[in-house]
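Trainee: Return a 3D structure for these sequence lines:
(one chain, ligands or ions: 1)
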Amino acid sequence: MNEPWSKEKKWFLSEVEGLLGMIPFPMLVVSVEGKVLHVNSAAEYVWNCPQITLFQQSLGQLVDSALLLETVRKGKPVRDLAVTIVDQSGKRLSYLCKVHPLYVERVAEGAILQFAKPPAEQEREQKRRNATRYSFDDIRGSSPALLALKEQGRKVAGNDSTVLIRGESGTGKEVLAQAIHSSSERAGGPFIAINCAAIPESLLESELFGYEEGAFTGAKKGGKQGKFELANEGTLFLDEIGDMPPFLQVKLLRVLQERRVERIGGAVSIPVNVRVIAATHKDITEMMMTGQFREDLFFRLNVIPLYVPPLRERKEDLYELILHYMKKFGERFQKPPKRLSTEAFQCLQRYRWPGNIRELENIVEYIVSLETGDLVTVNSLPGSVRERLQEAVEQPELPQQTEGRMPGIDTQMPLEKTEELLIMHALQRFGQTTEGKKRAAESLGISVATLYRRLHKLQRQQKFSK
Ligand SMILES: Nc1ncnc2c1ncn2[C@@H]1O[C@H](COP(=O)(O)OP(=O)(O)OP(=O)(O)O)[C@@H](O)[C@H]1O
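Mentor: Predicted structure coming up:
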C-alpha cells in the first residue's frame, strides 16, 4: 500500500510546480522511460493542448527525436539539441532542447527538458510580427487622386500626429498606414495592427490594454502585454475604429490623452510612446452626429484626416494595378506573361469594383491561375464580374438616371422634393428591408444613418409610411 504523502513532500511538489509555472519556456520533466511527470503552462501553448493531455503522452509522442530519448536514458546533460516538436494537430516545429539529468543516488532517474526556439527563428518571428511590408513606392497608381494622397502621406509621416484614414473596404488604408510608419522616424520600431471589428468585445479590451495575472478567469500566468505596450516606440494601427464599443472609446480616449495605459487588474499606469493611426470604412462623422461615436474621441483621432478614394473613382490606376498583379501572380504560379485584350480591359473599366483593390487582386489571381492561353479575353473574367456588368447594363446606376430622365423629376423642382422622390425611387427599386435600405443608401451616395434620418423626417411630415 502507498504511504500517505508527508507534508514536506507535498510542499516540495507544490514548490516545483510553482517554479515551473513561472518559467516562460516550455518545460517537461520526464522519467528515464520517457514518461511525462511534470509540464509547465508554457508547454500547453507549444503543444497546443492542456497539461492533462500532455501527462497522458510519452516523450516519443511529443518530440520526434530518438537522440533525445537516448540522452535522457543515459543521463547526459546536453545544451541546444536540435529536436522537432510535434503538436496536437501534427504540426512539426523546430526547437532547441536543453537536457538537465536528474540523478537519485547516482542513478539517472529522469530529466528536466527545456525547449527554446532557435535564435534565427525567434528573430524572424519577431520581425514578421512587427514588420511593415509597404512603403510609399509600393502604393501603385498614378491617378491625380492617388498621387495627392501619397504626397499628403509623405508629409504626415514627418510629424508624429494622430491620423484618421477613411475609405471603403479594400481601398488600401492599411497599406497607407504602413507606408506612413515606414517613412517616419518610428520606422525602426514596431508596427502593430489590431482590427477592432474582428475581435469580440470581451477580448478587445485585454488585447488593447493587456492584463495582469489573475485579472479574470483564464488570465495567463504572468499577465499579458496589450497592443499599446507592444507598439511602444512604434505605431499602433487601429483598424475599423468605427466598430469600437462605447465603453472602450472612453478608455481609448484616456490613453490618448495621458499617454499611459493601465492593464486590466493592474494598479500601475505604464507610460507608452506610441503614434496612433486609425482607420474606418464607416461614415464616422455621421456616427458622431448620431451619438454612436464619441465626439471627443473623434476630434482626438481626426488630427490629420486622410481619405483613400474607391477604385471606381480613380480608374486611371486600374491598368497599372492589373499589370502589377499579373506580374506578381505570374511569378508566383510560374506562368508565362499574359496580355490583356482591349475588350477585357474595357469590361474591367466598366466594372464598379465594390471590393476595391482587394477584389481586383483576387480577380487577377483567378485569371492568372485559370487562363491557359497567353491572351486574357472577356471569357477569362470570372462569372461574377460578367454578371454584374450585365446587371449594370440592364439597370443603369441612379446618378445617370437622375439627369431629368427619372420619372417624376423635373429640373425646376425644389431640392427637397427632388430628394424625396429620389429616396422613394431608390426604396422602390431595392425594397424596404434592412438590406434594401442599405443598398438604397449606397445608390444615393449617402450613409444608412442619413437615409434613416431623412425617412424619419418624411414620416414626421406624413409623406411616407413605414
Ligand atoms: N495602391 C495599392 N497598390 C498596390 N496594392 C494595393 C494598393 N492599395 C491596396 N492594395 C492591396 O489591396 C489589398 C487591401 O488593402 P488594405 O488591406 O490596405 O485595405 P483596407 O482599406 O485597409 O481594407 P479594410 O478596410 O477591409 O481593412 C491589400 O492586399 C493591398 O496589398
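Trainee: if I look at the residue of the stretch 101-250 of the chain found nearest the ligand, how far off is residue 224?
Mentor: Closest to the ligand within the stretch 101-250 of the chain is residue 172: 2.5 Å, counting by CB to the nearest ligand atom. In short, each C-beta sits where N, CA and C put it, glycine included. Using CB to CB, to the nearest Å, residue 172 is found at 31 Å from residue 224.
Trainee: the more surrounded of the two?
Mentor: Legend: neighbour count by other CB atoms under 10 Å for residue 172 and residue 224, higher for residue 172 (24 against 19).
Trainee: so who does the more buried one touch?
Mentor: 139, 308, 356, 357 (CB atoms under 8 Å, 6 or more residues apart in numbering).
Trainee: Relative to residue 199, how far out is it?
Mentor: 22 Å.
Trainee: Nearest the geometric middle of this protein, what residue?
Mentor: Centroid check for the chain by CA atoms, centre = their mean gives residue 195 as the closest residue, at 4.8 Å.
Trainee: That residue and residue 240 touch, don't they?
Mentor: Yes - Residue 195 is within contact range of residue 240, at 5.5 Å (criterion: CB atoms under 8 Å).
Trainee: which non-adjacent residue is nearest residue 439?
Mentor: Using CB to CB, 6 or more residues apart in numbering and skipping residues adjacent in sequence, the residue nearest residue 439 is residue 430, 4.3 Å away.
Trainee: For the one you found, give me its contacts.
Mentor: Taking CB under 8 Å, 6+ apart, one finds 436, 437, 439, 440, 443 in contact with residue 430.
Trainee: Which of the residues you listed has the largest number of neighbours?
Mentor: residue 440 (25 neighbours).
Trainee: Any residues of the protein in contact with the ligand? List them.
Mentor: Neighbours of the ligand within the chain, by CB under 6 Å from any ligand atom: 139-141, 167, 169-175, 239, 281, 357-358, 361.
Trainee: if you set the cut-off to 8 Å instead, what comes out?
Mentor: Residues of the chain found near the ligand (CB under 8 Å from any ligand atom) are 133-134, 138-141, 146, 165, 167-178, 195, 239-240, 279-281, 308, 317, 321, 324-325, 356-358, 360-361.
Trainee: Quick one: the helices in the stretch 251-400 of the chain, in order.
Mentor: 284-289, 295-301, 318-332, 342-350, 356-370, 383-394, 398-401 (DSSP state H, counting those that start in this stretch).
Trainee: need the ones you listed in JSON lines with mean pLDDT, can you?
Mentor: Shown next, in JSON lines, are these (pLDDT from 0 to 100):
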{"stretch": "helix 284-289", "mean pLDDT": "89"}
{"stretch": "helix 295-301", "mean pLDDT": "95"}
{"stretch": "helix 318-332", "mean pLDDT": "92"}
{"stretch": "helix 342-350", "mean pLDDT": "89"}
{"stretch": "helix 356-370", "mean pLDDT": "92"}
{"stretch": "helix 383-394", "mean pLDDT": "67"}
{"stretch": "helix 398-401", "mean pLDDT": "38"}
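Trainee: Any chance of CSV for those helices, columns mean neighbour count?
Mentor: Formatted as CSV, the helices of the stretch 251-400 of the chain follow (neighbours: other CB atoms under 10 Å):
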stretch, mean neighbour count
helix 284-289, 18
helix 295-301, 17
helix 318-332, 16
helix 342-350, 15
helix 356-370, 18
helix 383-394, 12
helix 398-401, 13
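Trainee: Shouldn't residue 94 be within a helix?
Mentor: No - assigned with DSSP: H, G, I helix; E, B strand; the rest coil, residue 94 falls outside any helix and is strand.
Trainee: ok, what's across the strand from it?
Mentor: Beta-bridge partners of residue 94, counted by DSSP bridges, are residue 84.
Trainee: excluding its backbone neighbours, what's nearest residue 262?
Mentor: residue 269 is the one closest to residue 262 (CB to CB, 6+ apart), at 4.8 Å.
Trainee: what's the burial count for the one you found?
Mentor: Residue 269 has 14 nearby residues by other CB under 10 Å.
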